[in-house]
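Student: Sequence and predicted model, in that order:
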Amino acid sequence: MDSIKVAIFSVAHVHTHTYVNCLLANNKAEIIGIYDDNFDRVKPYTEKFGIKYYSNCNELLEQKPHFALVCSENALHQQLTLAAAAKKVDVLCEKPLGITKASMAEMLKACSINGVKLMTTFPNRYVHSFLNAKRAVEEGRIGKLIGIKATNKGSMPGGWFVKPELSGGGSVIDHTVHVADLVNWLLGCVPDSVYAVCANRLYDGISVDDVSFVNFKYPNGVFVSLDSSWSRSAAFPYGRDLTMNIIGTEGSIFIDYFAEKNQVFSNEKSKAEWSYYGEDKDMMMINDVIMSYEAGYDFMISGQDGYNSAIVALAAYCSIREGREVLISEI
């Protein structure tokens with residue numbers, strides 16, 4: 001097969017630079033262009049990598065990419081996915097899939113009608129520590145699952161992430177979806193109910209939540225507690241974390257994705273820093289998407305998976321507004 005052609009729709013998301021590097025490192029992938037309504041933020045990519053810029057997404061779609069990588073502001077995911085689906089181009093869309101139930105439903109419908117594949121970017125599914133834990137749970141090695149205590153904390157990203165009309169919210173929608181997807185996949189179902197609390201306590205001048213705790217309960221009684229706060233300050237040695245303590249009746253499993261790190265004490269930085277040297281989950285995800293075209297298999301993660309995780313975050317915001325436990329069926 002010839003190279004897999006990739007169209008990048010916006011470079012707004014902080015993960016875009018990583019994805020571009022992953023694609024450039026894959027000799028089967030070819031970035032045929034970048035669309036963005038703001039050339040200034042695309043300029044570093046055109047100058048450093050020589051990637052062609054398009055001011056109109058439909059002009060880029062006319063170049064017949066295999067898939068469009070949507071890295072726009074969250075509120076624009078629907079618009080860009082629908083544009084790609086109309087041209088029968090597959091979509092790899094940043095999380096959250098959307099910021100409303102209606103927008104995500106329309107994305108799923110358009111992709112289904114046009115026979116295109118829609119995948120949500122959940123690279124944590126490729127983490128081997130989680131895959132090993134999933135296998136152990138399925139084999140019954142820790143007995144019956146009781147609950148999961150998880151953290152997915154990070155630094156406050158700023159920019160459009162703190163503008164609710166573009167992001168859909170703050171730390172809740174930014175970080176809840178990752179853990180919700182992992183647990184949904186682990187259990188093979190979605191939660192029944194969600195209870196959440198949040199606040200703006202850490203950063204002045206923003207109008208979204210930066211501290212958040214989300215609890216959700218599954219039909220089999222498994223209870224999940226998640227700290228999804230933007231609590232990694234500038235002084236912290238590393239900007240994010242991902243941990244899961246999976247508790248069963250006969251044992252437990254603890255996952256710390258960023259445990260593989262060196263601690264560096266730098267006079268230049270005047271603080272301790274963690275240098276992560278573990279596996280590159282973004283690279284594994286991008287390589288798998290490219291390989292799926294070569295080998296003829298479906299994307300590992302579906303648009304429906306993205307919907308099922310985002311709906312947990314939307315239920316969390318409903319719970320926060322109403323101050324009560326909210327059923328997923330109410331959303």
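Tutor: That came in fine, so what should we check first?
Student: helix/strand/coil for Val11?
Tutor: coil (DSSP: H, G, I helix; E, B strand; the rest coil).
Student: ah, wrong one, I meant Leu226
Tutor: Per three-state DSSP, Leu226 ends up strand.
Student: starting at the chain centroid, how far to the top helix by length along the chain?
Tutor: Secondary structure of the chain per DSSP state H: the longest helix is helix 303-322. Averaged C-alpha coordinates place helix 303-322 at 14 Å from its chain's average position (C-alpha atoms, centre = their mean, to the nearest Å).
Student: So what touches the next helix or strand after it?
Tutor: On the C-terminal side of helix 303-322, the closest following helix or strand by DSSP states H and E is strand 326-327. Strand 326-327 is contacted from outside by Asp192, Ser193, Val194, Tyr195, Ala315, Ala316, Cys318, Ser319, using C-beta atoms under 8 Å, 6 or more residues apart in numbering. Quick note: C-beta positions are derived from backbone N, CA and C, even for glycine.
Student: Make a ChimeraX selection of the buried ones in those.
Tutor: In ChimeraX syntax, the buried subset of the contacts of strand 326-327 is picked out as below (16 or more other C-beta atoms under 10 Å):
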select :193,194,195,315,316,318,319
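Student: Among the contacts of strand 326-327, find me the one that's closest to Pro96.
Tutor: Ala316 (11.6 Å; C-beta to C-beta).
Student: tell me the contacts of that closest one?
Tutor: Here Ala316 is in contact with Val172, Thr176, Val194, Ala196, Cys198, Ser212, Val214, Phe216, Val326 (C-beta under 8 Å, 6+ apart).
Student: Show the pLDDT at the residue nearest to it when sequence neighbours are not counted.
Tutor: Of all residues not flanking Ala316 in the chain, Ala196 sits nearest, at 3.7 Å (C-beta to C-beta, 6 or more residues apart in numbering). Looking at Ala196, its pLDDT reads 98.
Student: Ala196 in helix, strand or coil?
Tutor: strand.
Student: That one: what's it in contact with?
Tutor: Ala196 is in contact with Val172, Ser212, Phe213, Val214, Asn215, Ala315, Ala316, Tyr317, Ser319, Ile320, counting by C-beta under 8 Å, 6+ apart.
Student: What count of nearby residues applies to Ala235?
Tutor: Each residue near Ala235 was counted by other C-beta atoms under 10 Å, and the total is 8.
Student: And it, how close does it get to Gly159?
Tutor: Distance, Ala235 to Gly159, using C-beta to C-beta, to the nearest Å: 21 Å.
Student: Leu82 too?
Tutor: Counting by C-beta to C-beta, the gap from Leu82 to Gly159 is 24 Å.
Student: more crowded one of those two?
Tutor: Taking other C-beta under 10 Å, Leu82 and Gly159 do not tie; Leu82 has more neighbours (17 against 13).
Student: Name the nearest residue to Ala25, ignoring sequence neighbours.
Tutor: Met283 (7.1 Å).
Student: So what's the residue count around that neighbour?
Tutor: Neighbours of Met283 (other C-beta under 10 Å): 18.
Student: Would you agree it falls within a helix?
Tutor: Yes: counting by three-state DSSP, Met283 is part of a helix.
Student: any idea of the mean pLDDT for stretch 323-331?
Tutor: Rounded mean pLDDT across stretch 323-331 is 96.
Student: Torsion angles phi and psi at Lys149?
Tutor: As for Lys149, its main-chain torsions (degrees, to the nearest 10) stand at phi -110, psi 120.
Student: can I assume it is in contact with Phe254?
Tutor: No: using C-beta atoms under 8 Å, Lys149 makes no contact with Phe254, being 9.4 Å away.
Student: Name the residues contacting each of those two.
Tutor: By C-beta under 8 Å, 6+ apart, the residues touching both Lys149 and Phe254 are Met244, Asn245.
Student: What strand or helix carries Ser292?
Tutor: With DSSP H and E as the criterion, Ser292 is inside helix 281-295.
Student: I'd like the next helix or strand past the host helix or strand of His77.
Tutor: His77 belongs to helix 77-86 when assigned by DSSP H and E. Next in sequence after helix 77-86, counting helices and strands by DSSP H and E, comes strand 90-93.
Student: Given that following strand, what are its sheet partners and their directions?
Tutor: strand 67-70 (parallel), strand 118-120 (parallel) (DSSP bridges).
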